[in-house]
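[1] Quick one, structure for this:
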Amino acid sequence: MHRTSEHHLANAGSSDELKGLDILLVEDSRDVGEAVKTLLELCGAIVAGPATNTAEAEGLLAKRRPDVALVDFHLRGGEHSYPLIVRLRQQGVPVIVLSGSFEFSPLPSVEGATMLEKPVGEAELLSHLTPFVANKLGR
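    From the prediction side, this is the model:
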(Lines give C-alpha, C1' and ligand atoms only; values in the text may rest on other atoms or scores of the structure.)
Protein backbone atom coordinates (compact mmCIF):
# COMPACT_ATOMS: atom_id res chain seq x y z
CA MET A 1 0.00 0.00 0.00
CA HIS A 2 1.46 3.36 -1.04
CA ARG A 3 0.67 6.36 1.08
CA THR A 4 1.76 9.93 0.48
CA SER A 5 0.82 13.48 1.33
CA GLU A 6 1.44 16.75 -0.46
CA HIS A 7 0.08 20.29 -0.72
CA HIS A 8 -3.08 21.50 -2.43
CA LEU A 9 -3.67 21.10 -6.16
CA ALA A 10 -2.14 24.11 -7.85
CA ASN A 11 -3.42 25.82 -10.97
CA ALA A 12 -2.29 23.78 -13.93
CA GLY A 13 -1.22 24.84 -17.36
CA SER A 14 -2.39 22.90 -20.36
CA SER A 15 -0.40 19.79 -21.31
CA ASP A 16 -0.86 16.42 -22.93
CA GLU A 17 0.60 14.42 -20.04
CA LEU A 18 -2.57 12.36 -19.68
CA LYS A 19 -3.73 12.49 -23.31
CA GLY A 20 -6.50 9.97 -23.95
CA LEU A 21 -6.48 8.49 -20.43
CA ASP A 22 -10.05 7.59 -19.39
CA ILE A 23 -10.52 8.32 -15.66
CA LEU A 24 -13.48 7.68 -13.36
CA LEU A 25 -13.52 10.36 -10.63
CA VAL A 26 -15.43 9.76 -7.39
CA GLU A 27 -15.30 12.72 -4.98
CA ASP A 28 -18.12 13.87 -2.69
CA SER A 29 -16.93 17.48 -2.48
CA ARG A 30 -18.21 19.24 -5.61
CA ASP A 31 -15.51 21.94 -5.37
CA VAL A 32 -12.65 19.45 -5.00
CA GLY A 33 -14.15 17.18 -7.66
CA GLU A 34 -14.49 20.00 -10.18
CA ALA A 35 -10.94 21.25 -9.46
CA VAL A 36 -9.48 17.77 -9.96
CA LYS A 37 -11.56 17.23 -13.11
CA THR A 38 -10.36 20.56 -14.55
CA LEU A 39 -6.73 19.68 -13.82
CA LEU A 40 -7.05 16.23 -15.40
CA GLU A 41 -8.82 17.56 -18.49
CA LEU A 42 -6.19 20.30 -18.91
CA CYS A 43 -3.66 17.46 -19.00
CA GLY A 44 -5.59 15.67 -21.76
CA ALA A 45 -7.57 13.09 -19.76
CA ILE A 46 -11.17 12.10 -20.43
CA VAL A 47 -12.95 12.32 -17.07
CA ALA A 48 -16.24 10.68 -16.09
CA GLY A 49 -17.55 12.41 -12.99
CA PRO A 50 -17.09 13.64 -10.44
CA ALA A 51 -19.57 11.17 -8.99
CA THR A 52 -20.47 12.15 -5.44
CA ASN A 53 -21.53 8.69 -4.25
CA THR A 54 -21.15 5.04 -5.23
CA ALA A 55 -24.54 4.90 -6.99
CA GLU A 56 -23.52 7.73 -9.36
CA ALA A 57 -20.14 6.06 -9.88
CA GLU A 58 -21.79 2.71 -10.69
CA GLY A 59 -23.94 4.49 -13.30
CA LEU A 60 -20.85 5.98 -14.95
CA LEU A 61 -19.04 2.65 -14.76
CA ALA A 62 -21.97 0.92 -16.51
CA LYS A 63 -21.51 3.28 -19.49
CA ARG A 64 -17.78 2.68 -19.98
CA ARG A 65 -14.81 1.03 -18.35
CA PRO A 66 -12.14 3.58 -17.34
CA ASP A 67 -8.37 3.07 -17.59
CA VAL A 68 -8.03 4.09 -13.92
CA ALA A 69 -10.30 5.30 -11.12
CA LEU A 70 -9.65 8.05 -8.56
CA VAL A 71 -11.92 7.21 -5.65
CA ASP A 72 -12.49 9.19 -2.46
CA PHE A 73 -12.72 6.67 0.36
CA HIS A 74 -15.01 8.52 2.77
CA LEU A 75 -18.14 9.81 1.05
CA ARG A 76 -21.10 11.83 2.36
CA GLY A 77 -23.42 10.45 4.99
CA GLY A 78 -20.82 8.01 6.27
CA GLU A 79 -20.77 6.08 2.97
CA HIS A 80 -17.52 4.26 2.19
CA SER A 81 -16.44 3.31 -1.29
CA TYR A 82 -15.49 -0.31 -0.40
CA PRO A 83 -18.08 -1.95 -2.70
CA LEU A 84 -17.13 0.28 -5.62
CA ILE A 85 -13.41 -0.39 -5.15
CA VAL A 86 -14.11 -4.14 -5.10
CA ARG A 87 -16.17 -3.90 -8.31
CA LEU A 88 -13.52 -1.82 -10.08
CA ARG A 89 -10.77 -4.23 -9.08
CA GLN A 90 -12.86 -7.22 -10.24
CA GLN A 91 -13.13 -5.51 -13.63
CA GLY A 92 -9.36 -5.01 -13.74
CA VAL A 93 -9.53 -1.24 -13.26
CA PRO A 94 -6.58 0.15 -11.26
CA VAL A 95 -7.72 2.25 -8.30
CA ILE A 96 -6.10 5.23 -6.65
CA VAL A 97 -7.81 5.83 -3.31
CA LEU A 98 -7.94 9.41 -2.04
CA SER A 99 -8.72 10.20 1.56
CA GLY A 100 -8.18 12.87 4.16
CA SER A 101 -7.74 10.10 6.71
CA PHE A 102 -6.51 6.53 6.54
CA GLU A 103 -7.48 5.77 10.12
CA PHE A 104 -9.02 2.38 9.38
CA SER A 105 -7.93 -1.22 9.34
CA PRO A 106 -6.43 -2.46 6.07
CA LEU A 107 -9.18 -4.10 4.06
CA PRO A 108 -8.95 -6.63 1.25
CA SER A 109 -10.82 -4.20 -1.03
CA VAL A 110 -8.01 -1.65 -0.86
CA GLU A 111 -5.10 -4.09 -0.70
CA GLY A 112 -2.68 -3.24 -3.50
CA ALA A 113 -4.42 0.05 -4.36
CA THR A 114 -2.40 3.25 -4.36
CA MET A 115 -3.36 5.39 -1.37
CA LEU A 116 -3.00 9.16 -1.56
CA GLU A 117 -3.71 11.35 1.43
CA LYS A 118 -5.60 14.58 0.75
CA PRO A 119 -4.74 17.29 0.14
CA VAL A 120 -2.68 15.86 -2.71
CA GLY A 121 -0.46 18.00 -4.87
CA GLU A 122 -0.78 18.31 -8.61
CA ALA A 123 2.69 16.84 -9.29
CA GLU A 124 2.03 13.91 -6.94
CA LEU A 125 -1.30 13.09 -8.55
CA LEU A 126 0.07 13.33 -12.09
CA SER A 127 3.08 11.17 -11.18
CA HIS A 128 0.68 8.37 -10.20
CA LEU A 129 -1.49 8.75 -13.32
CA THR A 130 1.10 9.13 -16.11
CA PRO A 131 2.19 5.45 -16.01
CA PHE A 132 -1.37 4.48 -17.01
CA VAL A 133 -1.00 6.46 -20.25
CA ALA A 134 1.99 4.30 -21.21
CA ASN A 135 0.06 1.15 -20.22
CA LYS A 136 -2.87 2.23 -22.43
CA LEU A 137 -0.59 2.90 -25.39
CA GLY A 138 1.09 -0.48 -24.88
CA ARG A 139 -2.17 -2.45 -25.15
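[2] In this structure Leu21 contacts Glu41, no?
    No. Look at Leu21 against Glu41 with Cβ atoms under 8 Å: they stay out of range, at 10.6 Å. C-beta here means a position set from N, CA and C on the backbone, and glycine is covered the same way.
[3] Compare the two (neighbour count), which wins?
    Between Leu21 and Glu41, counting by other Cβ atoms under 10 Å, Leu21 is the more crowded of the two (23 against 15).
[4] what's the burial count for the closest residue to the more buried one other than its chain neighbours?
    Once its chain neighbours are removed from consideration, Leu21 has its nearest residue in Ala45; the separation is 4.6 Å (Cβ to Cβ, 6 or more residues apart in numbering). Using other Cβ under 10 Å, the number of residues around Ala45 comes to 25.
[5] What distance do you get for Ala45 to Gly100?
    In this structure, Ala45 and Gly100 are separated by 23 Å, where distance is defined by Cβ to Cβ, to the nearest Å.
[6] thinking again about what came up before, please name the residues that touch the residue nearest to Leu21.
    Listed by Cβ atoms under 8 Å, 6 or more residues apart in numbering, the contact partners of Ala45 are Leu18, Lys19, Gly20, Leu21, Asp22, Ile23, Leu129.
[7] Grab the nearest non-local neighbour of the second one.
    It refers to Lys19. In space, and not counting its chain neighbours, Lys19 is closest to Gly44: 3.5 Å by Cβ to Cβ, 6+ apart.
[8] Also Gln91?
    Closest to Gln91 by Cβ to Cβ, 6+ apart is Arg65, at 6.2 Å.
[9] I'd like the distance between that neighbour and His74.
    The spacing between Arg65 and His74, counted by Cβ to Cβ, is 25 Å.
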